[in-house]
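Trainee: Need coordinates for the following:
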Amino acid sequence: MRVLFLILSGLFFCHVLAAQVTFPGVPENNNADSLKTDSISLQILEEININQDPRLEKMLKWHVENNKKRDGMDGFRVEIFFSSALNAKEQALKRKKEFLSKYPEYNVHVKFTAPNFRVRVGDFRTKNEALKLHKKIQADYPGAFIVPDIIDFPVLNSENYERPD
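Mentor: Residues are numbered from 1 along each chain as shown. Reported below is the predicted structural model:
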């Protein structure tokens, strides 16, 4: 019984391995000219007929427009100061200068959300990245905490990436 099961599962496994989809006209070797492959891929995409609700296209356009209006993306920052005192603006700017003197590698943002001035640090995509900074500054700023915020887009350095030439 075990032998029969092994033979059948082996045949099924071999059948699954051989079931790969290839597009007609697309060269299978990776040494082909990439421009030719891209043009063939674009031809295939142009020939595809998609039947969809017209409301879906409207929703997609709405989503794209809203993302263009936003000045950043969802992320996290570490809030090191907030106050609604009469001299809160001066205190916030003082706290910003103090933080930049100790940690110049991080971005510091002073925000006014009535009635509070807030000083937030960093532009982190994940909460885990923000947690690293939070632990680093915990001794100097024991009241600091992580908050979700709209962060600036990350700067992409072309020097850090290899060119596919």
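
Trainee: Can you pull out the low-pLDDT segments for the protein?
Mentor: Along the chain, segments meeting pLDDT under 70 span 15-39, 41-42, 156-165.

Trainee: what about the longest strand in it?
Mentor: Across the chain, the strand with the greatest residue count (assigned by DSSP state E) is strand 73-83.

Trainee: List the buried residues of that one.
Mentor: 75-83 (16 or more other Cβ atoms under 10 Å). Every residue, glycine included, has its C-beta placed from N, CA and C.

Trainee: Repeat that for stretch 98-117.
Mentor: Quick answer for stretch 98-117 (16+ other Cβ under 10 Å): 98-99, 106, 108-109, 117.

Trainee: What about the residue nearest to K102 when sequence neighbours are not counted, how many residues nearby?
Mentor: Once flanking residues are discounted, K102 sits nearest to D140: 6.5 Å by Cβ to Cβ, 6 or more residues apart in numbering. When neighbours are defined as other Cβ atoms under 10 Å, D140 has 12 of them.

Trainee: Which pair in the buried residues of stretch 98-117 has the greatest spatial separation?
Mentor: Using Cβ to Cβ, the buried residues of stretch 98-117 span at most 18.5 Å, a distance reached by Y106 and F117.

Trainee: Please tell me how far stretch 84-98 is from the chain's geometric centre.
Mentor: Computed by Cα atoms, centre = their mean, to the nearest Å, the chain-centroid distance of stretch 84-98 equals 32 Å.

Trainee: and the residue positioned nearest the centre of the chain, what does it touch?
Mentor: Centroid-nearest residue in the chain, with Cα atoms, centre = their mean: R125, separated by 6.3 Å. Counting by Cβ atoms under 8 Å, 6 or more residues apart in numbering, R125 touches 73, 75-76, 151, 154.

Trainee: Redo those as CSV? Include distance to Q43.
Mentor: Formatted as CSV, the contacts of R125 follow (distance: Cβ to Cβ, whole Å):
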residue, distance to Q43
M73, 34
G75, 39
F76, 43
I151, 39
P154, 35
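
Trainee: can you give me the helices in the chain?
Mentor: 2-18, 34-47, 54-69, 88-102, 127-137 (DSSP state H).

Trainee: on that earlier part again, for the residue nearest to K102, give me phi and psi.
Mentor: Backbone torsions for D140, taken as degrees, to the nearest 10, come to phi -80, psi -30.

Trainee: just checking, it touches R95?
Mentor: No: if you go by Cβ atoms under 8 Å, D140 and R95 don't touch, sitting 10.8 Å apart.

Trainee: re the thing from before, please report how far the residue nearest to the centre of the chain lies from I7.
Mentor: The gap separating R125 from I7 is 50 Å, by Cβ to Cβ, to the nearest Å.
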